[in-house]
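[1] Model the structure of this input:
(2 chains)
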Amino acid sequence: MTKFSKPLPYYVVSNAKGEMNLYRPDTNEVLSDVDPALGSNTELIMLFMSGRIDDLGLTSFGYKAGAATREDGFVKKTFKSPDPNKPDVVVVYENYLPIYCEYTAQDGRLMSKKYLSDYKTYGRFVLPQRVTDITYGVKRDSSIVRTIYSSVKVDVDDPNFDFQIPADAKPMKLEAPAQ
Amino acid sequence: MKKLVLSLVAVLAVAFSANAANYKVDNDAIDNIIENATEVVVLDVAAPAAANLPAVANAEISGVSAIILNFFLGWCGVHRHYMGTAPGMWALYLFTAGGIFGIVPLVDFVMLIVAVADKGDVSKYINNRKFFMWI
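    Below you'll find the model as predicted:
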């Protein structure tokens, strides 16, 4: 379960099979969907908790892992996209941990870089405390997104673990387009 | 909304180049860029779009605006809400770290550019409630 407090209160409840429920408590509405892409396995913390850091979940979406190569003490692995519209991904590891991902379009254009750093061990798993994304657009512009993970608690009791979507939640619906 | 978003784009546009041979980013430089940037509360900007999702009319949607929104705020799916999608799509983009470890917004970006460059018709992405809008 993932709880969002801003910009609106929302809960995402999902499982490994991709069964996902999106619940909005202020209106008591729920949106349900099933898609492997929405499964809990795609979530960053779950990827690290379940030890799926060798491919970051990419192979489950059809990516083919290439041979690993060594470069200046780093291990570099290329994941080829199954779809020409999806970027190829290069993942670089240091001490068996992914520290860098590079997303390249099929025409060779660099689209985005992701840096994972400040790894910290929590019991049986490690988690990067900091993820920096740099996305490249046109005319040499780029955007930077910095994500900081903090206050990670392990093996604690928390009422959020018992969260259940109310049985009387109504299905969310899209209104028809205004013409 | 459109004016507000374009102002945001201007504020967030920063020139930054990373050394392709370097697999580590200079965190201090990143912190410096972010700390010195003008603060805009992105999620508050996104809130009106993410709140109630009345489906939008095709004529109101600009493919170029969607591309710009995707470039700067694709990680939280704001471009999807601009074009009309399922309520809470932003939460799914955040949940999957920008859509399958950042891939989904990149594919959205490519598909929008292709659609705009072709005939400028992004209608198939409007009011599209699927997580993968291009499928």
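
[2] use CA for all of it now, contacts and neighbours both
    Will do.

[3] Enumerate the residues of chain A near chain B.
    Within chain A, the residues that sit near chain B (CA under 8 Å from any CA of the partner chain) are A:2, A:4, A:6-8, A:10, A:12, A:22, A:37-38, A:42-44, A:56, A:85-87, A:92, A:99-100, A:103, A:111, A:115, A:135, A:137, A:140-143, A:172, A:174-179.

[4] Give me the subset of those residues that lies in strands.
    Secondary structure assignment by DSSP state E places A:2, A:4, A:10, A:12, A:22, A:92, A:99-100, A:103, A:111, A:115, A:135, A:142-143 of these in strands.

[5] related to what we said a few turns ago, which PyMOL command selects the buried ones in the residues of chain A next to chain B?
    Per 16 or more other CA atoms under 10 Å in any protein chain shown, the buried members of those correspond to this PyMOL selection:
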select buried, chain A and resi 2+7+8+10+12+22+37+38+42+43+44+56+86+87+92+99+100+103+111+115+135+137+142+143+172
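
[6] Let me have the ones in strands among the residues of chain A next to chain B in CSV, adding distance to residue B:23 and pLDDT as columns.
    Converted to CSV, these look like this (distance: CA to CA, whole Å; pLDDT from 0 to 100):
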residue, distance to residue B:23, pLDDT
A:2, 30, 88
A:4, 31, 87
A:10, 35, 89
A:12, 33, 90
A:22, 36, 90
A:92, 7, 96
A:99, 7, 96
A:100, 6, 95
A:103, 13, 93
A:111, 15, 91
A:115, 7, 95
A:135, 15, 90
A:142, 17, 86
A:143, 18, 87
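
[7] How about the contacts made by residue B:67?
    Under the criterion of CA atoms under 8 Å, 6 or more residues apart in numbering or on different chains, the contact partners of residue B:67 comprise B:79, B:109, B:112, B:113.

[8] Quick check: pLDDT value at residue A:58.
    Predicted confidence (pLDDT) for residue A:58: 87.

[9] so what's the backbone phi/psi at residue A:16?
    The phi and psi values for residue A:16, taken as degrees, to the nearest 10, are phi -70, psi -20.

[10] same question for the lengthiest helix in chain B, mean pLDDT?
    Ordering each helix of chain B by length in residues (DSSP state H) puts helix B:103-118 first. Per-residue confidence for helix B:103-118 averages out to 90 on the pLDDT scale.

[11] Does that helix reach chain A?
    Yes. Interface with chain A: helix B:103-118 contributes B:103, B:106, B:107, B:110, B:111 (CA under 8 Å from any CA).

[12] Of those, which is the most crowded?
    Of all these, the most densely surrounded is residue B:106 (26 neighbours; neighbours counted as other CA atoms under 10 Å in any protein chain shown).

[13] List the buried residues of the helix or strand of chain A with the lowest mean pLDDT.
    Across the helices and strands of chain A, the lowest-confidence element by mean pLDDT, DSSP states H and E is helix A:44-49, at a mean of 86. Buried residues in helix A:44-49, counting neighbours by 16+ other CA under 10 Å, are found at A:44, A:45, A:47, A:48, A:49.

[14] again, but for stretch A:111-127
    Within stretch A:111-127, the residues scored as buried using 16+ other CA under 10 Å are A:111, A:112, A:113, A:114, A:115, A:116, A:117, A:126, A:127.

[15] Isn't the first one up against residue B:106?
    Yes. Using CA atoms under 8 Å, residue A:111 is in contact with residue B:106, at 7.3 Å.

[16] tell me the pLDDT at residue A:127?
    Among the per-residue scores, residue A:127 holds a pLDDT of 93.
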